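Enquirer: output the structure for:
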Amino acid sequence: MTDTPAGWEGILDDGETILWQGRPLQDFHIALSNVVTIAFGIFFAGFALFWMVGAASMGGGPFWMFGLIHFSVGVGIVFWSIFGSTYSRRNTWYTLTDRRAIVATDFLFKRRSLVSYPVQDALVEFKAGPPDDIIFGHETKRGSKGRTYTVPVGFFRLEDGHAVMRIVRKKIHKVRDYDDEIATDTPPPLPTETLQ
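Expert: Numbers count the residues shown, from 1 in each chain. Next comes the predicted model:
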């Protein structure tokens, strides 16, 4: 049995081995899906600003300050849509063992989190980039109005996802490359009798 690495006591199962550790790319990146959210945030904040200016010019006293809440929400939406994914990736760590894919996060206003997903029997999806994504499954989440939706879970924006995928194939799913089969398998014997 292998020794458990320091800091992993009580997390890894008996005999579980770490095969790879890494992080998503740390560069600044805005996904195309965030462009719509940014536009909505700008519109929301702009409308609130327009309302505040109108309310202040009509001499309503401090009534215009009620618009600050909506203005702040709009600015927050824009700010998080631009910087949120980069912040999340800079506080995320990936670990692949011979049994699980583990995603660790350490966000400012949330407790540290360690979520694991089984990989031995999982149908693993590889999305070539660059950067590369490896998806181990999907997770159902509940929205603010009670609707449910699914999100992919896995290792995202990897610099060399091909190397990680090779580890998944060879060490976890036990898939041999074609060259390995040629080198190790004995070809079937030729028939000794000729068919008439």
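Enquirer: quick one: neighbours of the spatially closest residue to Val175 that is not a sequence neighbour, just the number.
Expert: Nearest residue to Val175, sequence neighbours excluded (CB to CB, 6 or more residues apart in numbering): Arg169, at 4.4 Å. Placement of C-beta: from N, CA and C, glycine included. Arg169 has 15 neighbouring residues, counting by other CB atoms under 10 Å.
Enquirer: Leu68: how many residues sit nearby?
Expert: With other CB under 10 Å as criterion, Leu68 counts 12.
Enquirer: for His138, what is the enclosing helix or strand?
Expert: Assessed by DSSP states H and E, His138 sits inside strand 132-142.
Enquirer: with Val103 instead?
Expert: strand 100-105.
Enquirer: hang on, the earlier thing: partner strands of the strand holding His138, with direction?
Expert: Counting by DSSP bridges, the strands paired with strand 132-142 are strand 125-127 (antiparallel), strand 148-158 (antiparallel).
Enquirer: from the rest of the structure, what touches that strand?
Expert: 101, 117-119, 122, 124-127, 148-162, 164-165, 168 (CB atoms under 8 Å, 6 or more residues apart in numbering).
Enquirer: ok, stretch 49-69 next?
Expert: The contact list for stretch 49-69, computed with CB under 8 Å, 6+ apart, reads Ala48, His70, Phe71.
Enquirer: got the contact list for the second one?
Expert: Shown here is His70, whose contacts under the criterion CB under 8 Å, 6+ apart are Phe44, Ala45, Phe47, Ala48, Trp51.
Enquirer: just after whichever strand or helix holds the first one, pick out the following helix or strand.
Expert: With the criterion set as DSSP H and E, the secondary-structure element containing Phe44 is helix 33-57. Of the helices and strands lying after helix 33-57 in sequence (DSSP H and E), the nearest is helix 67-90.
Enquirer: buried stuff in stretch 129-137?
Expert: Buried residues in stretch 129-137, counted by 16 or more other CB atoms under 10 Å: Pro131, Asp132, Asp133, Ile134, Ile135, Phe136, Gly137.
Enquirer: cool, stretch 12-27 as well?
Expert: Leu12, Glu16, Leu19, Trp20, Arg23, Pro24, Leu25.
Enquirer: same check on stretch 100-116?
Expert: Arg100, Ala101, Ile102, Val103, Ala104, Ser116.
Enquirer: and if you look at stretch 135-150?
Expert: For stretch 135-150, by 16+ other CB under 10 Å, it's Ile135, Phe136, Gly137.
Enquirer: just those now: which is nearest Phe83?
Expert: Ile135 (24.3 Å; CB to CB).
Enquirer: show the pLDDT at the closest one.
Expert: pLDDT recorded at Ile135 is 92.
Enquirer: same deal with Phe43?
Expert: pLDDT at Phe43 comes out at 92.
Enquirer: what sits against it?
Expert: For Phe43, the contacting residues are Gly74, by CB under 8 Å, 6+ apart.
Enquirer: quick one: it from Ile11, how far?
Expert: Distance, Phe43 to Ile11, using CB to CB, to the nearest Å: 45 Å.
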